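Asker: Prediction below, plus the sequence it came from.
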Amino acid sequence: MACDNGCMSGDRIIHELTDPGFEAEAGGSRIEGSRPRLDELCDGGGDFMRLILASGSPRRAELLTAAGYSFEVRVPDVDESARPGELPAVYVERLAREKAARIARELPGGPDSVVVLAADTAVVIDGELLGKPADDKDAARMLRRLSGRTHLVMTGVAARAGTRCLSLVETTTVAVDALTDEQVAWYVGSGEGQDKAGGYAVQGLASRFVPRIDGSYSNVVGLPLAAVDRLLRQLTQAAGVLASE
């Protein structure tokens, strides 16, 4: 799948962006930059660099905690509107990079003392992006679209240290059982899917409707942990950096 500036975008392909001036995050070329040394990722006492999760999602925070990471949370303020004709994989990767860049810009003392991790997740069916439902009617519409079919869950993940940003897109295929009107009404009435892409939460009540997942389960929840670990290891060039004991 071709991305917005000519490179290839797809599952688990790591893209690199360097932007010394923090200019035009979405439009910059993904090019090779200087790799940070381990001593640049530690303070004078040898402590690990701070990890900041640029997300207000409690699910992403829970996943990172369960995987053993120590981190802080900051919530980025970015426009999450898709651009005309923007492909789903390009969209989620762009937003992840923009979220990471926004938090990096806001850090006191500059971005060089931290690693910022950001993500954006979308449900895709027939090429259509399903974001968070606007209301119960929209949530019911989304569930009926997904009913009895398979769809894709795409998460763009970006990790930034200083001016260097690595990003990728993880894709998981999810099968949903055929849903009756009563099941749709019951699930929408539960309110569980109100703030979830696609209008459902695979880790909650909706798990009874999902017979099969092909790919990363944590990706469907909102953060592909194996991909995150790979990005952080490549960014820091040291195994175990950023992981808590």
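Answerer: Looks like it came in fine. Numbering: from 1, shown residues only.
Asker: any idea of the pLDDT on A2?
Answerer: The per-residue pLDDT reported for A2 equals 36.
Asker: repeat for V241
Answerer: On the pLDDT scale, V241 is placed at 46.
Asker: Look up how far K137 lies from the closest residue in space to S218 that isn't next to it in sequence.
Answerer: Computed as C-beta to C-beta, 6 or more residues apart in numbering, the closest residue to S218 that is not its neighbour in sequence is L225, at 4.6 Å. For the C-beta atoms, the positions are set from N, CA and C on the backbone; glycine is no exception. The gap separating L225 from K137 is 34 Å, by C-beta to C-beta, to the nearest Å.
Asker: Compare neighbour counts for the two and give me the winner.
Answerer: Taking other C-beta atoms under 10 Å, L225 and K137 do not tie; L225 has more neighbours (21 against 10).
Asker: check contacts around that one.
Answerer: L225 sits next to 63-64, 67, 216, 218 when contact means C-beta atoms under 8 Å, 6 or more residues apart in numbering.
Asker: so which two of these are the farthest from each other?
Answerer: L64 and S216 (14.4 Å; C-beta to C-beta).
Asker: Could you identify the helix or strand that succeeds the lowest-mean-pLDDT helix or strand in the chain?
Answerer: Least confident helix or strand, the chain: strand 15-18 with a mean of 65, by mean pLDDT, DSSP states H and E. Using DSSP states H and E, the helix or strand that follows strand 15-18 in sequence is strand 50-54.
Asker: mind checking the SS state of G156?
Answerer: Recorded secondary structure, G156: strand (DSSP: H, G, I helix; E, B strand; the rest coil).
Asker: Just the pLDDT for it.
Answerer: So, for G156, pLDDT stands at 97.
Asker: Settle this for me: it is touching V169, isn't it.
Answerer: Yes. The criterion here is C-beta atoms under 8 Å, and G156 meets it with V169 at 5.3 Å.
Asker: Now the common contact residues for those two.
Answerer: Common contacts of G156 and V169, defined by C-beta under 8 Å, 6+ apart, comprise 89, 92-93.
Asker: from those, which ones fall inside helices?
Answerer: Secondary structure from DSSP state H places 89, 92-93 of these in helices.
Asker: so where do the strands sit in this structure?
Answerer: Using DSSP state E, the strands of the chain run over 15-18, 50-54, 72-74, 114-125, 128-130, 150-161, 164-175, 212-214.
Asker: Which residue, other than its chain neighbours, is closest to A139?
Answerer: In space, and not counting its chain neighbours, A139 is closest to P133: 3.7 Å by C-beta to C-beta, 6+ apart.
Asker: residues in contact with the one you found?
Answerer: 139, 141-142, 193-194, 199.
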